[in-house]
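*Asks:* Below is the sequence, then the predicted model.
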Amino acid sequence: DEIVLLDSGSSDETETIARRYTDKVFVASDWPGYGPQRQRAQSHASGDWIFMLDA
């Protein structure tokens with residue numbers, strides 16, 4: 001299993017909490033839109049299946 005987190009501006013402890021479970025935590029300060037942001041996250045994944053959650 002693999003967890004990839006792409007954080008695009010959380011103001012809480014999302015990044016810190018995620019690092020407890022995975023080293024694949026990425027921060028993108030720009031916002032190109034949902035499609036490009038999802039593609040950016042997918043580029044870091046290695047699995048055959050991807051589950052995405054927007055929050």
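*Replies:* Sure thing, it's come through.
*Asks:* now V27, which residues is it bridged with?
*Replies:* D7 (DSSP bridges).
*Asks:* Does it touch A18 like I think?
*Replies:* No. V27 is not in contact with A18 according to CB atoms under 8 Å; the separation is 10.3 Å. Every C-beta, even on glycine, is put in place using the N, C-alpha and C of the backbone.
*Asks:* Quickly list what's touching both of these two.
*Replies:* D7 (CB atoms under 8 Å, 6 or more residues apart in numbering).
*Asks:* More neighbours: the two, which one.
*Replies:* A18 (18 against 12; other CB atoms under 10 Å).
*Asks:* in the protein, which spans are helices?
*Replies:* Applying DSSP state H to the chain gives helices spanning 14-18, 34-42.
*Asks:* Serialize the ones you listed to CSV and add fields for mean pLDDT.
*Replies:* Below are those laid out as CSV (pLDDT from 0 to 100):
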stretch, mean pLDDT
helix 14-18, 95
helix 34-42, 94
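*Asks:* With distance to L5 as new columns, can the ones you listed be given to me in JSON lines?
*Replies:* Putting the helices of the chain into JSON lines (distance: least, CB to CB, whole Å) gives the following:
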{"stretch": "helix 14-18", "distance to L5": "4"}
{"stretch": "helix 34-42", "distance to L5": "8"}
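*Asks:* Quick check: which of these is nearest to D54?
*Replies:* Between D54 and those, the shortest gap by CB to CB is with helix 34-42, which sits at 7.4 Å.
*Asks:* residues of the closest one that come out buried?
*Replies:* 37, 41 (16 or more other CB atoms under 10 Å).
*Asks:* just stretch 5-12 next, same as before
*Replies:* Those would be 5-6, for stretch 5-12 by 16+ other CB under 10 Å.
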